[in-house]
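> One predicted model, sequence on top.
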Amino acid sequence: MSFGWQALPLYIVVVSVVTGILIFVLGEQRQHMRTALNLTGAFLKLALILIMLLAVAAGATFEFRLPLLPGLDLLLHADRLTMLFATLSALLWLITTIYAIGYLEQSPNRARFFGFFSLCVAATMGVASAGNLFTFFIFYELLTLATWPLVVHRGTQEAFAAGRVYLAYTLVGGVLLLIGMVWLHTLAGTGDFIKDGNLAPIAAGNENALRAIFVLLMLGFGVKAALLPLHSWLPRAMVAPAPVSALLHAVAVVKAGAFGLVRLIQDVFGFELAASLGLTDLLAWIAAATILYGSVMALKQSDLKRRLAYSTVSQVSYIALGVATGGVLATVGGLVHLVHQGLAKITLFFCAGNYAEALGIHKVEELDGLGERMPVTSICFTLGALGMIGVPPLAGFITKWHLGAGAIAAGAPWVIVILVASTLLNAAYFLPLVQRIWLRPLPDTMARRDDRLSPVRRAALIAPTVFVAATALASGLLAGVPGSPLFWVSRLVGAESP
């Protein structure tokens with residue numbers, strides 16, 4: 001156990017833990033100090049991650065190992081997959097923190113909110129840097145406990161009902177994950193994440209046991225990843241404030257589940273072993289069904305946030321589909337969507353929050369003419385929507401191109417049918433929103449409705465929205481440029497840098 005430079009992944013987790021504890025101690029009365037703590041913690045975390053990112057890119061290694069039980073270590077490390085998830089999370093967390101400060105300016109219980117908000121990012125960083133299943137499980141469950149108070153933050157009957165559903169799903173998922181982890185440790189004696197897995201030596205004679213373990217772990221991760229039929233908690237959780245919705249969909253919870261599925265395929269079983277056992281096909285078909293189901297359900301939603309929630313159910317499964325399809329290009333498509341979906345979806349939820357806070361808009365039919373009343377937010381919403389559809393050359397198109405090309409290369413042409421169908425469904429539930437915003441007249445009642453935002457609060461909500469929308473736009477337009485998400489994911493997978 002070393003607390004030197006090698007323990008940098010631990011320090012990154014601790015930064016948010018300390019920030020959260022200090023916010024709880026300060027309480028409600030010291031708003032300016034709480035804001036300073038929030039921003040200092042977020043900037044410090046991002047700075048440490050960027051330092052670690054550059055070091056890992058140069059070939060450095062980081063590892064903190066703490067023996068807890070015989071054969072079970074708390075292991076935090078940093079590989080390229082760690083850095084992909086951690087960098088995305090830290091950047092979007094900083095932006096969400098700025099947005100949340102403006103969004104909750106006049107709300108009660110802000111100390112409680114931001115305290116758990118910081119603990120939530122600490123758990124997410126633990127998930128990102130976990131070096132084995134045991135460590136992943138610990139932080140995965142801590143993430144559940146840290147996000148529940150955020151889901152029920154409003155304190156309404158509806159919020160607590162959604163919180164109960166969230167806990168029921170995620171705790172059952174945690175139990176399945178625990179059973180699978182213990183069984184695997186009993187069988188293999190290890191749960192460390194190793195590139196291409198470490199189970200091949202024990203596969204002969206244990207094929208059925210490994211299949212059962214894979215299914216248990218897949219279901220455990222699939223709850224938070226909102227795989228069909230484990231998705232129902234996510235639309236219910238939309239009663240939470242907009243920053244929490246952005247947190248659940250773009251940064252933390254669903255991404256932690258998707259990240260777990262990536263680790264399961266790549267670093268626990270390895271793609272070749274998982275494919276030989278028929279497990280990648282199982283995950284690919286479940287992901288495909290989720291993609292189509294989420295899109296169909298999104299079509300039926302009149303509440304704006306619920307439509308975005310079902311869109312997330314659909315979109316996150318592109319990640320699982322990519323890694324389950326296999327091959328370099330499909331894996332690149334799946335992993336780069338971890339970034340692309342995060343940027344576009346956080347843009348959309350910020351915009352939904354802006355509409356709600358400024359004009360009290362929550363329904364699809366209330367969007368008419370908002371391009372005239374709220375042009376900046378509406379431009380950002382349009383960019384996010386077109387990116388989710390996959391209109392070239394936006395980021396969603398980059399994802400779908402790689403998934404499609406990778407599927408053909410991997411001998412899975414049926415994936416093309418899923419991509420085409422999902423794109424048409426994406427257009428069917430997003431384009432009517434864009435049409436309402438820009439091509440329908442602004443109703444007189446909406447034109448006369450008072451804007452509820454002060455100039456300072458408006459700036460605090462608009463600036464983060466513009467930033468993430470611009471970043472989402474740039475990630476597609478500049479996909480071939482060194483430093484883009486596609487560039488880094490290509491290096492991670494071992495493909496030729498675009």
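Okay, I see it.
> for His77, phi and psi?
Main-chain dihedrals, His77, degrees, to the nearest 10: phi -140, psi -180.
> Count the residues that sit near it.
By other CB atoms under 10 Å, the residues close to His77 number 20. Where C-beta positions appear, they are placed from N, C-alpha and C, glycine not excepted.
> Contact partners for the closest residue to it other than its chain neighbours?
Nearest non-adjacent residue to His77, counting by CB to CB, 6 or more residues apart in numbering: Gly131, 3.9 Å away. Residues counted as contacts of Gly131 (CB atoms under 8 Å, 6 or more residues apart in numbering) are 63, 65, 75-77, 192-193.
> Do a quick rundown of the helices in the stretch 51-200 of the chain.
80-103, 110-129, 133-151, 157-188 (DSSP state H, counting those that start in this stretch).
> Just name the most buried of those helices.
Each of those was scored by mean neighbour count; the highest is helix 110-129, a mean of 25, by mean count of other CB atoms under 10 Å.
> where does this structure dip in pLDDT?
1-3, 105-106, 240, 242, 248-250, 494-498 (pLDDT under 70).
> ok, the spatially most distant residue from the centre of it to Asp368 distance?
Residue farthest from the centre of the chain, counting by CA atoms, centre = their mean, is Asp444 at 38.5 Å. Distance of Asp444 to Asp368, given as CB to CB, to the nearest Å: 11 Å.
> helix/strand/coil for Gly482?
Actually, residue 482 is Pro rather than Gly. With DSSP: H, G, I helix; E, B strand; the rest coil as the basis, Pro482 sits in coil.
> for Val25, same thing?
helix.
> Quick check: it vs Met33, distance?
For Val25, the distance to Met33 - CB to CB - is 10 Å.
> ok, Val254 - contacts?
Val254 neighbours (CB under 8 Å, 6+ apart): 224-226, 234, 248, 312, 316.
> Keep only those of those that are in helices.
224, 234, 312, 316 (DSSP state H).
> any chance of those residues in TSV, plus distance to Ala100 and neighbour count?
Shown next, in TSV, are the ones in helices among the contacts of Val254 (distance: CB to CB, whole Å; neighbours: other CB atoms under 10 Å):
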residue	distance to Ala100	neighbour count
Lys224	21	32
Leu234	20	28
Thr312	19	25
Val316	22	32
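> Return the closest of these with respect to Lys255.
Val316 (7.5 Å; CB to CB).
> got the contact list for that closest one?
With the criterion set at CB under 8 Å, 6+ apart, Val316 makes contact with 225-226, 254-255, 257-258, 341.
> Also Gly371?
Contacts of Gly371 by CB under 8 Å, 6+ apart are 378-379, 437-438.
> quick one: which of the residues you listed is most hemmed in?
Greatest neighbour count in the contacts of Gly371, by other CB under 10 Å, goes to Ile437: 26 neighbours.
> Quick one: the helices of the stretch 51-200 of the chain as CSV, columns for distance to Ala7 too.
Below are these laid out as CSV (distance: least, CB to CB, whole Å):
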stretch, distance to Ala7
helix 80-103, 14
helix 110-129, 11
helix 133-151, 14
helix 157-188, 24
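> Which of these sits closest to Ala469?
helix 80-103 (10.9 Å).
> Go through stretch 402-420 and flag the buried ones.
Using 16 or more other CB atoms under 10 Å as the test for burial, stretch 402-420 gives 402-407, 410, 412, 415, 418-419.
> wait, which of the ones in helices among the contacts of Val254 is closest to Arg263?
The closest of those, once distances to Arg263 are taken by CB to CB, is Lys224, at 12.9 Å.
> got a list of what the closest residue to the closest one other than its chain neighbours touches?
The shortest distance from Lys224 to any non-neighbouring residue, by CB to CB, 6+ apart, is to Gly257 (3.0 Å). Counting by CB under 8 Å, 6+ apart, Gly257 makes contact with 221-227, 316.
> how close does Gly257 get to Ala78?
21 Å.
> What of Pro201?
Taking CB to CB, one finds Pro201 at 26 Å from Ala78.
> What residues sit buried inside the helix or strand where Phe214 lies?
Taking DSSP states H and E as the definition, one finds Phe214 inside helix 207-224. Using 16+ other CB under 10 Å as the test for burial, helix 207-224 gives 209-210, 213-224.
> Tell me the one among the contacts of Val316 nearest to Arg154.
Using CB to CB, these come closest to Arg154 at Val254, 20.6 Å.
> Am I right that that closest one sits in a strand?
No. Going by three-state DSSP, the assignment for Val254 is helix, not a strand.
> ok, now which ones touch Ile39?
Quick fix: residue 39 reads Leu, not Ile. By CB under 8 Å, 6+ apart, the contact set of Leu39 is 94, 97-98, 101.
> where do the helices sit along the stretch 351-498 of the chain?
So, for the stretch 351-498 of the chain - with DSSP H, counting those that start in this stretch - the helices run 370-373, 375-389, 395-409, 414-439, 444-448, 455-477, 485-493.
> For Met52, find the nearest of those helices.
helix 485-493 (13.8 Å).
> report the angle between the axes of the closest one and helix 395-409?
For helix 485-493 against helix 395-409, the angle by axes from the mean of the first three to the mean of the last three CA atoms, to 10 degrees is 30 degrees.
> re the thing from before, would you mind telling me which of Pro201 and Ala78 has the busier surroundings?
It is Ala78, of Pro201 and Ala78, that has more neighbours when counted by other CB under 10 Å, with 25 against 7.
> list the contacts for the more buried one?
8-9, 52, 56, 61-63, 86, 129 are the contacts of Ala78 under CB under 8 Å, 6+ apart.
> Give the closest residue to it in space, chain neighbours not counted.
Ala78 sits nearest to Phe62 (CB to CB, 6+ apart), 4.1 Å away.
> Show me which of the buried residues of helix 207-224 is closest to Met125.
Lys224 (15.8 Å).
> wait, the closest one sits on Thr170?
Yes. With contact defined as CB atoms under 8 Å, Lys224 reaches Thr170; the gap is 6.4 Å.
> ok so, going back, how about the helices of the stretch 51-200 of the chain, which one is nearest Leu486?
helix 80-103 (11.5 Å).
> Between helix 485-493 and the closest one, find me the angle.
Helix 80-103 runs at 150 degrees relative to helix 485-493, counting by the same axes, to 10 degrees.
> Show me what helix 80-103 packs onto, helices and strands only.
Packed against helix 80-103 by the contact rule (3 or more CB pairs under 8 Å, 6 or more residues apart in numbering; DSSP states H and E) you find helix 31-57, helix 110-129, helix 242-246, helix 253-263, helix 328-359, helix 455-477, helix 485-493.
> go with 10 Å
helix 8-26, helix 31-57, helix 110-129, helix 242-246, helix 253-263, helix 328-359, helix 455-477, helix 485-493 (3 or more CB pairs under 10 Å, 6 or more residues apart in numbering; DSSP states H and E).
> Point out the other helices and strands that the last one packs with.
For helix 485-493, the contact count by 3+ CB pairs under 10 Å, 6+ apart identifies helix 31-57, helix 80-103, helix 328-359, helix 395-409, helix 455-477 as packing neighbours.
> tell me the angle of the longest one relative to helix 395-409?
Between the axes of helix 328-359 and helix 395-409, defined by the same axes, to 10 degrees, the angle is 160 degrees.
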